[in-house]
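Peer 1: would you be able to build a 3D model of this:
(chains A and B)
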There are 2 protein chains.
Amino acid sequence: MTDHPQIAVSTVIFALRETDDQALPALWMPLVRRIRAPFEGHWALPGGPLGIDESLSEAARHNLKATTGLAPRYLEQLYAFGDPARSGDQRLVSIVYWALVGNDEASRSEADDNVCWFPADALPALAFDHQLIVDYALWRLRNKVEYAQIAHRLLGETFTLAQLRSVYEAILQRPLDPANFRRQMAASKSLAATGEMQSGARHRPPRLYRYVEVPGTTPNPWA
Amino acid sequence: MTDHPQIAVSTVIFALRETDDQALPALWMPLVRRIRAPFEGHWALPGGPLGIDESLSEAARHNLKATTGLAPRYLEQLYAFGDPARSGDQRLVSIVYWALVGNDEASRSEADDNVCWFPADALPALAFDHQLIVDYALWRLRNKVEYAQIAHRLLGETFTLAQLRSVYEAILQRPLDPANFRRQMAASKSLAATGEMQSGARHRPPRLYRYVEVPGTTPNPWA
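Peer 2: Okay, the predicted model is just below:
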């Protein structure tokens, strides 16, 4: 056992996927098959060591690119996991980032045999404590205060209310009433109509909305 | 320069203090004077290295106790800071925790000459990137969705509405209208009257409230 803790930087990536065999779109994530001990053959979060000259986010992007080919436009630090028992003989502290990517970004990683996308709520046996890390990431995602900012990461800069509802449904794993959802979103300060319509051949194409940054999430007791 | 990044675990601690020279109570925090290079003589966040057998939170508690004597009832991981330039010759990643302590806990650290409490918004020159870390902690604190859970860390299990308002005022650094604040808090699901009154000789002692855990902070689009 080394006499000092080592640092790894890994990333949890979520993308939204429509699947034929279920009504709701679901959150999917890419995993990498380990080709060496420990946990050889098990699936793991894409990651690797922290380079001596890399910032933490640079290491996250670098390790992600090297293992999956993915280059998400957006990365956010999630949490540092450092239980002494999590990594066997070698003491390893994993600083974990998370990313939300659109299918355009997600599709780039399909080539490699050792990289595979799985539904976030039905993963194979994971190496180390990576299932715990995924569970924590899902918990954090489900407790995000504002979903519009998540939607524009998963869907792009503009989206319809139906697409936004599909994000809520995928995260919350339950169908939502469209009319009720529309009323709720109409009251949201973080959503703005672009004035444009979704392109397509339909007679009445749906309106496109975009996410508007809302300064602070602190409730204003003097408002 | 060592060939691998080292890990330190530090803690930002906030306590609420009344001061004679200002109307509002303010957030104060303890700093430790460095007695060796780099930044010898500068003030720094209490912290130290991660022991090979310690969990991250155990290291935070251990380093905090060793440097300040403080043993907060509550610690939460804040963020990992790892810019390659932040620590000079030695590459050091700091995993930072934060704590909110009551004055009963805070007072224990007064003895040591190399430990001093400062107003969080008027700190001396800090070592390393610790001012950046404090600024980030204050930003996170000011963007907390629910202040009642912060209040019971700073004030204890039960508190009056006036005490809760003093927490908002200290964090937001502005006076709040008592009547308006009372109306706002009456609508808060995370606040419950205990049915008890604040002990004292007053004719009409104020009611005592407690924090109630609210499951999730996700807005319910189907509510």
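Peer 1: domain ranges for chain A?
Peer 2: A:6-144, A:148-211 (automatic domain parsing).
Peer 1: could you say which of the ones you listed is packed most deeply?
Peer 2: Neighbour counts (mean count of other Cβ atoms under 10 Å in any protein chain shown) averaged over each of those peak at domain A:6-144, with a mean of 18. Heads up, the C-betas are built off the backbone N, CA and C, glycines and all.
Peer 1: quick one: is that one near chain B?
Peer 2: Yes: using Cβ under 8 Å from any Cβ of the partner chain, domain A:6-144 reaches chain B at A:6-7, A:50, A:52-56, A:77, A:79-80, A:82-84, A:91, A:93, A:95, A:142-144.
Peer 1: and A:L31, what is it in contact with?
Peer 2: Counting by Cβ atoms under 8 Å, 6 or more residues apart in numbering or on different chains, A:L31 makes contact with A:43-46, A:115-118, A:123-124, A:126.
Peer 1: reformat these as JSON lines; add pLDDT.
Peer 2: Formatted as JSON lines, these follow (pLDDT from 0 to 100):
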{"residue": "A:W43", "pLDDT": "96"}
{"residue": "A:A44", "pLDDT": "96"}
{"residue": "A:L45", "pLDDT": "97"}
{"residue": "A:P46", "pLDDT": "96"}
{"residue": "A:V115", "pLDDT": "91"}
{"residue": "A:C116", "pLDDT": "92"}
{"residue": "A:W117", "pLDDT": "91"}
{"residue": "A:F118", "pLDDT": "93"}
{"residue": "A:L123", "pLDDT": "95"}
{"residue": "A:P124", "pLDDT": "96"}
{"residue": "A:L126", "pLDDT": "96"}
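Peer 1: just those residues: which are in strands?
Peer 2: Members of those lying in strands (criterion: DSSP state E): A:43-44, A:115-118.
Peer 1: any weak-confidence spans in chain A?
Peer 2: A:1-2, A:19-24, A:108-111, A:144-148, A:201, A:214-223 (pLDDT under 70).
Peer 1: what about 80?
Peer 2: Applying pLDDT under 80 to chain A flags residues A:1-3, A:18-25, A:88-89, A:103-112, A:142-153, A:172-173, A:188-189, A:200-203, A:213-223.
Peer 1: just checking, what's the longest strand in it?
Peer 2: Longest strand in chain A, counting by DSSP E: strand A:6-17.
Peer 1: got the angle for that strand vs strand A:115-119?
Peer 2: With axes from the mean of the first three to the mean of the last three Cα atoms, to 10 degrees defining the directions, strand A:6-17 sits at 60 degrees from strand A:115-119.
Peer 1: so which residues of chain A form strands?
Peer 2: A:6-17, A:26-33, A:43-44, A:47-49, A:76-81, A:92-101, A:115-119, A:158-159, A:191-197, A:207-211.
Peer 1: roughly how far is the third one from the heart of the chain?
Peer 2: So that's strand A:43-44. Relative to the centre of its chain, strand A:43-44 is centred 16 Å away, using Cα atoms, centre = their mean, to the nearest Å.
Peer 1: what sits up against that strand?
Peer 2: A:10, A:31-34, A:116, A:118, A:123-128, A:130.
Peer 1: hmm, who's touching stretch A:127-141?
Peer 2: Looking at what lies outside stretch A:127-141 - Cβ under 8 Å, 6+ apart - the contacts are A:10, A:12, A:14, A:27, A:29, A:34, A:38-39, A:42-45, A:78-79, A:81, A:83, A:86-87, A:94, A:96, A:98, A:120-121, A:123, A:126, A:150, A:171.
Peer 1: quick one on the thing from earlier: tabulate the strands of chain A (a markdown table), appending distance to A:G69.
Peer 2: A markdown table is the format used below for the strands of chain A (distance: least, Cβ to Cβ, whole Å):
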| stretch | distance to A:G69 |
| --- | --- |
| strand A:6-17 | 12 |
| strand A:26-33 | 10 |
| strand A:43-44 | 16 |
| strand A:47-49 | 14 |
| strand A:76-81 | 20 |
| strand A:92-101 | 12 |
| strand A:115-119 | 8 |
| strand A:158-159 | 26 |
| strand A:191-197 | 32 |
| strand A:207-211 | 27 |
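Peer 1: ok, the contacts of strand A:43-44 vs chain B, which is closest?
Peer 2: A:S10 (12.5 Å; Cβ to the nearest Cβ).
Peer 1: I figured the closest one hits A:V96, correct?
Peer 2: Yes: contact criterion Cβ atoms under 8 Å: A:S10 and A:V96 qualify, at 5.2 Å.
Peer 1: find residues that contact each of the two.
Peer 2: A:45, A:47, A:133.
Peer 1: for the nearest residue to the second one once chain neighbours are set aside, give me its contacts.
Peer 2: What it means is A:G47. Nearest non-adjacent residue to A:G47, counting by Cβ to Cβ, 6 or more residues apart in numbering or on different chains: A:S10, 2.8 Å away. By Cβ under 8 Å, 6+ apart, the residues touching A:S10 are A:44-48, A:60, A:63, A:94-97, A:130, A:133.
Peer 1: recalculate using a threshold of 6 Å.
Peer 2: A:45, A:47, A:94, A:96 (Cβ atoms under 6 Å, 6 or more residues apart in numbering or on different chains).
Peer 1: same check, this time on A:L75
Peer 2: Contacts of A:L75 by Cβ under 6 Å, 6+ apart are A:57, A:60, A:97, A:99.
Peer 1: how far away is it from chain B?
Peer 2: Distance, A:L75 to chain B, by Cβ to the nearest Cβ, to the nearest Å: 13 Å.
Peer 1: got it, and A:L27?
Peer 2: 15 Å.
Peer 1: which parts of chain A are helices?
Peer 2: A:56-68, A:103-106, A:130-142, A:148-155, A:161-172, A:178-186 (DSSP state H).
Peer 1: in TSV: those helices, plus distance to B:R165.
Peer 2: As requested, the helices of chain A are arranged in TSV below (distance: least, Cβ to Cβ, whole Å):
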stretch	distance to B:R165
helix A:56-68	38
helix A:103-106	46
helix A:130-142	30
helix A:148-155	30
helix A:161-172	34
helix A:178-186	30
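Peer 1: and B:E157, which of those helices is closest to it?
Peer 2: Distance to B:E157, taken as Cβ to Cβ, is lowest for helix A:130-142 among the helices of chain A, at 25.7 Å.
Peer 1: what strands line up against the longest strand of chain A, and which way round?
Peer 2: With DSSP bridges as the test, strand A:6-17 is paired with strand A:26-33 (antiparallel), strand A:47-49 (antiparallel), strand A:92-101 (parallel).
Peer 1: any idea how far it is from the chain center?
Peer 2: Using Cα atoms, centre = their mean, the offset of strand A:6-17 from its chain centre is 8 Å.
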